[in-house]
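>>> Fold the following for me, if possible:
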Amino acid sequence: MDEGNLFSANLSEDLLRNAPLASRLRPTFLDEVVGQEQLLGATGPLRRSIESGTFGSMVFFGPPGSGKTTVARLVSEAADASFEELSAVDSGVADVRRVLERARHRREESGRRTVLFIDEVHRFSKSQQDALLHAVEDGLVNLIGATTENPYFEVIPALISRCDLYRFTALEPADIRGLLDRALTDQVRGLAGRADVPLAFRDIIAEAALGDARRALNLLERTVHLAEAKGLASVDRETLEEAAQKKLVVYDKKGDAHYDVVSAFIKSMRGSDPDAALYYLAVMLTGGEEPRFIARRMLVFASEDVGNADPRALLVAAAVAQAVETVGLPECRINLAHGVTYLSCAPKSNASYAAIEAALEEIEAHGAAPPPARLRDAHYRGAAKLGHGEGYVYPHARGGYVAQRYMPERLEGSRFYEPTGHGDEARLAEFLERMRGLRERGEEETD
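Just a heads-up that it's a prediction; the model follows:
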């Protein structure tokens, strides 16, 4: 081996030995990638395009640590293409043009393809993105842009239309746990033979990572290094929390802690205590709870516990749920807090919940009663002979209200919805009391 090759080999070995654990464990082939089964599984669209060599330009979008950069490198390796990488944070139009010029020379001289990976592509200005258009359209480079943002909001339409979009999702704790186990058993690239990490602590690290593989591996590496510095053969909780620089929440999303904290969260909003509700929200988020689950609970709460006392509550909860889908963590924690404080401070009524429960109980006990003939569908041939629609008065023809009865005959006088006197529902209670009285007396509304 000549001196130059020896130097390169020594450098590569040194980098492998001293690089961060997350870099050392970066997958070298597709089957090592964890998660993203919807993209990289046996029938996943991205896997098929990589293995067939038919991929074009792409945008990978999803949370940090979900594998976007790793997969981009594997795409390049699978195609035996040159890999060029730019960061949108510190690159300009001139940098883009230099890469494109190298790609042109490479294609002319050897016919070799170039994969241009741009991290945080959403940070590129419109002029920087425009500079890529012709090269992408002509196939001079296969662009792979990575972003944590919704590309439809942050990438220009002309570039989006020339790329396939692939959504990466946050890794599940089980996926991350597999990475941690691999790191602790790998003799060459991992931490095998160093301080032992008990299984329970591996679970805590996997949960605390919040779907980010890089964060999990960095925490594991700091923990093991700190344990070694202390002379510990096995990591203890104090060392783990010292490495994390914070208290780690033990929150099993499938166990008792999950149900207990969710219960306390709902009851705190129901009790109009936004401070307690925010605390339990923070516990869930810190413990890795799925934000969409929290948003769904808030949607139910808005109708079950606020209802018509403040009809806007459901609109707020629905807007929060949409924001969670669009924004994602970490920013959507602010949207969730917005909704929690609104719902906690809203006037409360469970009248809608009680109403549907009462109606269901009636049907369960006595079966469903048929509607009066005048309310039945009268639009089909022969309906008139059955008396359907006969006697029905169209309310809009009488100023919006007529004193006709709508309940099945055996249920006349039954009430399922009993509005409270809280918030907007107080007005509804007054309105319904007047309407019910007019129906019972068979009188028309005159005011």
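>>> what pLDDT, on average, does stretch 290-304 get?
Averaging pLDDT along stretch 290-304 gives 94.
>>> Which residues outside that stretch are in contact with it?
253, 262, 265-266, 269-270, 281, 284-285, 313-314, 316-318, 320-321, 324-325, 328-329, 332-333, 336, 339-340, 343, 350, 352-353 (Cβ atoms under 8 Å, 6 or more residues apart in numbering). For every residue, glycine as well, the C-beta is placed using N, CA and C.
>>> Can you flag the buried ones in these?
Among these, the ones that count as buried by 16 or more other Cβ atoms under 10 Å are 253, 262, 265-266, 269-270, 281, 284-285, 313-314, 316-317, 320-321, 324, 328-329, 332-333, 336, 339-340, 343, 350, 352.
>>> care to break this protein down by domain?
What automatic domain parsing lists as the domains of the chain is 36-167, 363-441.
>>> And these, which one averages the lowest pLDDT?
domain 363-441 (a mean of 78).
>>> Would you list the phi and psi of the nearest residue to residue 412 once chain neighbours are set aside?
Closest residue to residue 412 apart from its sequence neighbours, by Cβ to Cβ, 6 or more residues apart in numbering: residue 405 at 6.4 Å. Main-chain torsions, residue 405, degrees, to the nearest 10: phi -100, psi 140.
>>> So residue 405 versus residue 390, what's the distance?
According to Cβ to Cβ, to the nearest Å, residue 405 stands 14 Å off from residue 390.
>>> now do residue 271
Look at residue 271 and residue 390: by Cβ to Cβ, they are 52 Å apart.
>>> Ok, residue 155 next?
Relative to residue 390, residue 155 is positioned 61 Å away (criterion: Cβ to Cβ).
>>> same question, residue 278
On the measure of Cβ to Cβ, residue 278 and residue 390 end up 58 Å apart.
>>> Break down this structure into its strands, ranges please.
For the chain, applying DSSP state E gives strands covering 58-61, 82-87, 114-119, 142-147, 164-167.
>>> who does the third one pair up with?
By that I understand strand 114-119. Sheet pairing of strand 114-119 (DSSP bridges) gives strand 82-87 (parallel), strand 142-147 (parallel).
>>> Now do the buried residues in the last one.
Buried residues in strand 142-147, defined by neighbour count with 16+ other Cβ under 10 Å: 142-147.
>>> Dump those residues into JSON lines; add distance to residue 50 as well.
Formatted as JSON lines, those follow (distance: Cβ to Cβ, whole Å):
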{"residue": "142", "distance to residue 50": "11"}
{"residue": "143", "distance to residue 50": "15"}
{"residue": "144", "distance to residue 50": "11"}
{"residue": "145", "distance to residue 50": "16"}
{"residue": "146", "distance to residue 50": "16"}
{"residue": "147", "distance to residue 50": "20"}
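>>> Between these, which sits nearest residue 221?
Residue 221 has its nearest neighbour among the buried residues of strand 142-147 in residue 146, at 23.3 Å by Cβ to Cβ.
>>> Which residues are in contact with the closest one?
Residue 146 neighbours (Cβ under 8 Å, 6+ apart): 59-61, 68-69, 72, 117-121.
>>> Please report the distance of the nearest residue to it once chain neighbours are set aside from residue 319.
Taking Cβ to Cβ, 6+ apart, and ignoring the residues beside it in sequence, residue 146 has residue 68 as its nearest neighbour in space, at 4.2 Å. In this view, residue 68 and residue 319 are 29 Å apart by Cβ to Cβ.
>>> Neighbour count for those two, which is higher?
Using other Cβ atoms under 10 Å, the more surrounded residue of residue 68 and residue 319 is residue 68, with 23 against 15.
>>> Just want to check the distance between the closest residue to residue 63 other than its chain neighbours and residue 213.
Using Cβ to Cβ, 6+ apart and skipping the chain neighbours, the partner closest in space to residue 63 is residue 170 (4.7 Å). Plainly put, residue 170 is 10 Å away from residue 213 if you go by Cβ to Cβ.
>>> Common neighbours of these two, please.
In terms of Cβ under 8 Å, 6+ apart, residue 170 and residue 213 are both contacted by the residues residue 66.
>>> beta partners for residue 82?
On the basis of DSSP bridges, residue 82 is bridged to residue 114.
>>> Return the residues in contact with it.
Residue 82 makes contacts with 76, 103, 106, 112-115, as judged by Cβ under 8 Å, 6+ apart.
>>> For the residues you listed, which PyMOL command selects only the ones that are buried?
In PyMOL, this line selects whichever of the contacts of residue 82 come out buried by 16+ other Cβ under 10 Å:
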select buried, resi 76+103+106+113+114+115
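>>> Now tabulate the contacts of residue 82 in CSV and tack on distance to residue 166.
Shown next, in CSV, are the contacts of residue 82 (distance: Cβ to Cβ, whole Å):
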residue, distance to residue 166
76, 15
103, 22
106, 25
112, 24
113, 19
114, 20
115, 15
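>>> that older thread, distance of the residue nearest to residue 146 from residue 147?
Residue 68 is 8 Å from residue 147, where distance means Cβ to Cβ.
>>> okay, and the common contacts of those two?
60-61.
>>> The residue nearest to residue 146 reaches residue 59, doesn't it?
No: Residue 68 is not in contact with residue 59 according to Cβ atoms under 8 Å; the separation is 9.6 Å.
>>> tell me the contacts of the nearest residue to residue 45 once chain neighbours are set aside?
Excluding the flanking residues, the one nearest residue 45 by Cβ to Cβ, 6+ apart is residue 39, at 6.6 Å. Neighbouring residues of residue 39 by Cβ under 8 Å, 6+ apart: 45-47, 166-168.
>>> Filter these down to just the buried residues.
With neighbours counted by 16+ other Cβ under 10 Å, the contacts of residue 39 contain buried members at 46-47, 166, 168.
>>> biggest separation within these, which pair?
Greatest spatial distance in the buried ones among the contacts of residue 39: 47 and 168, 13.3 Å, computed using Cβ to Cβ.
>>> that older thread, how close does the residue nearest to residue 63 sit to residue 178?
For residue 170, the distance to residue 178 - Cβ to Cβ - is 15 Å.
>>> of those two, who's got more company?
Between residue 170 and residue 178, counting by other Cβ under 10 Å, residue 170 is the more crowded of the two (23 against 16).
>>> neighbours around the nearest residue to residue 328 once chain neighbours are set aside, how many?
Among residues not flanking residue 328 along the chain, residue 63 sits closest, at 6.1 Å (Cβ to Cβ, 6+ apart). Neighbour count for residue 63, taken as other Cβ under 10 Å: 17.
>>> which residues touch residue 63?
148, 168-170, 211-212, 328-329.
>>> measure it to residue 150 for me?
Relative to residue 150, residue 63 is positioned 12 Å away (criterion: Cβ to Cβ).
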